[in-house]
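**Student:** fold the following for me, if possible:
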Amino acid sequence: MSSQFRAIVVDEYSGEDGAADAAGPRRRGMLRTLDEDFFSADGDDARPLPRPATGVSIEVGYSSINYKDGLAVAGRPGIVRRLPLIAGIDVVGTVSASGDPRWAPGDTVVLNGAGLGESRHGGLSEHTVVDGTSLLRLPSAISQRRAAALGTAGFTAMLAMMALERQGIGPRSGEILVTGAAGGVGSVAVMLLARAGYSVTAASGRAATEGDYLRALGATTVIDRAELLEPGKPLQSTRWAGAVDSLGGTSLATVLAQISYGGSVASCGLAAGAELPSTVLPFILRGVNLLGVNSVDAPVALREAAWLRLAAEAQLALLDELSTEIGLSAVPETAEAILAGTVRGRTIVNVRA
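**Tutor:** Model (predicted):
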């Protein structure tokens, strides 16, 4: 390992090159060259970070850009909880050293969430140090590049599908709606559900331009997200047996109002807002279940189950087609594009490029 490495670091910066300017410093992620001493500083948070002596040092092969990464790198509030911090909620790579007896040099590993890119240094770096508690051995059927293509988005999509299954929602239950379908979680959710035999309706704000893409992933029907954005009655004509929602806000309220008796909605995002302008009527009159999906704090057993299913059920060749690869230098620009809603599918970051 080189003594220096490149990483996207979220911190307070003044000017594009770090020079002082009239506007003063603002938070954002920038490409920097660091050395191992970076992992010895605690930054502006009293909670200790994993250190090389006790954590797991990883030579990162790939990471990815998720909506949460876009928020962090663009400097939006509410994501990064300490400064400076290496961004990136996904890590895929090879262990180079370990103070954790569960892991040894040469192990190929994957980690999603678990505080990465929020309160712990993440994967948008050539080298990082993580806590080995939530670390997983990468299934042999999945390459490092494809693991990054799945990333938190694929992991979350699988958790959502598993949550629906636990409520008895199967391929014979009826139509399943996926909102934000052209995004990362949505794209993989459409692919996984269709592969499992579900009839999938994909809702997207870009239905006119991304319809062919979504049908290629397995969607049987594509609708415009606008159908879900108009406030309506708390109970509406039933349309869906279940749903995977990554939007929140008014669209989630509309989806709940259209779920059939005993149906379920797996809620895993808030791209359209954290509010839920709904009533209790769908829950007490139709027995609808609102299922929270938390990929950040998922226990190891659930992580392992989800990744084993991804290895067995994800259409890996199709995954390649819905993925775009960039290098570290393109991360800030791509973060802005994700927040603007102009990126489809998955964006892989080859940290060595």
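**Student:** now do the same for residue 152: helix, strand or coil?
**Tutor:** Under the three-state scheme (DSSP: H, G, I helix; E, B strand; the rest coil), residue 152 adopts helix.
**Student:** give me the pLDDT value at it.
**Tutor:** Per-residue confidence for residue 152 comes out at a pLDDT of 96.
**Student:** that one touches residue 112, doesn't it?
**Tutor:** Yes: here residue 152 reaches residue 112: they are 4.4 Å apart, a contact under C-beta atoms under 8 Å. Using the backbone N, CA and C atoms, a C-beta is placed for each residue, glycine as well.
**Student:** run through the chain and note the low-pLDDT ranges.
**Tutor:** The model of the chain has pLDDT under 70 over residues 1-2, 15-24, 43-46.
**Student:** how is it divided into domains?
**Tutor:** Per automatic domain parsing, the structural domains of the chain span 4-138+322-350, 153-292.
**Student:** go through these and name the closest to residue 303.
**Tutor:** Of all the domains of the chain, it is domain 4-138+322-350 that lies closest to residue 303, at 5.6 Å by C-beta to C-beta.
**Student:** quick revisit: more neighbours, residue 152 and residue 112?
**Tutor:** Shown here are residue 152 and residue 112; by other C-beta atoms under 10 Å, residue 112 has more neighbours (28 against 25).
**Student:** and that one, what are its bridge partners?
**Tutor:** In this structure, residue 112 bridges to residue 90 when assessed by DSSP bridges.
**Student:** test my guess that it contacts residue 89.
**Tutor:** Yes: at 6.5 Å, residue 112 and residue 89 qualify as touching, with contact defined as C-beta under 8 Å.
**Student:** any shared contact partners between those two?
**Tutor:** Taking C-beta atoms under 8 Å, 6 or more residues apart in numbering as the criterion, residue 112 and residue 89 both touch residue 152.
**Student:** residue contacts, the nearest residue to residue 155 once chain neighbours are set aside?
**Tutor:** Spatial nearest neighbour of residue 155, excluding adjacent residues (C-beta to C-beta, 6 or more residues apart in numbering): residue 112 at 4.8 Å. By C-beta under 8 Å, 6+ apart, the contact set of residue 112 is 89-91, 151-152, 155, 295, 303.
**Student:** change it to 7 Å
**Tutor:** 89-90, 151-152, 155, 295 (C-beta atoms under 7 Å, 6 or more residues apart in numbering).
**Student:** tell me the one of those residues nearest residue 57?
**Tutor:** Nearest to residue 57 among the contacts of residue 112 is residue 90, at 17.1 Å by C-beta to C-beta.
**Student:** and the closest one, how many neighbours does it have?
**Tutor:** For residue 90, using other C-beta under 10 Å, the count is 31.
**Student:** surely it and residue 124 touch.
**Tutor:** No: using C-beta atoms under 7 Å, residue 90 is not in contact with residue 124, being 8.6 Å away.
**Student:** residue 126 and residue 304: what is the separation?
**Tutor:** According to C-beta to C-beta, to the nearest Å, residue 126 stands 27 Å off from residue 304.
**Student:** which one of these two has more residues nearby?
**Tutor:** A count of neighbours by other C-beta under 10 Å puts residue 126 above the other of residue 126 and residue 304, at 20 against 14.
**Student:** residue 260 versus the residue nearest to residue 155, what's the distance?
**Tutor:** Counting by C-beta to C-beta, the gap from residue 112 to residue 260 is 32 Å.
**Student:** again, but for residue 79
**Tutor:** Between residue 79 and residue 260 the distance is 35 Å, computed by C-beta to C-beta.
**Student:** more neighbours: which of the two?
**Tutor:** Set residue 79 next to residue 260 and count neighbours by other C-beta under 10 Å: residue 79 wins out with 21 against 18.
**Student:** the more buried one against residue 67, yeah?
**Tutor:** No: contact between residue 79 and residue 67 fails when scored by C-beta under 7 Å: they sit 10.0 Å apart.
**Student:** quick one, what contacts the residue lying closest to residue 293 once chain neighbours are set aside?
**Tutor:** Nearest-residue entry for residue 293: residue 268, 3.9 Å, with adjacent residues in sequence omitted and distances by C-beta to C-beta, 6+ apart. For residue 268, the contacting residues are 156, 160, 185, 244, 246, 293, by C-beta under 7 Å, 6+ apart.
**Student:** burial of residue 4, as a residue count?
**Tutor:** Taking other C-beta under 10 Å as the definition, residue 4 ends up with a neighbour count of 12.
**Student:** that one and residue 309, how far apart?
**Tutor:** Remark: distance between residue 4 and residue 309 (C-beta to C-beta) = 39 Å.
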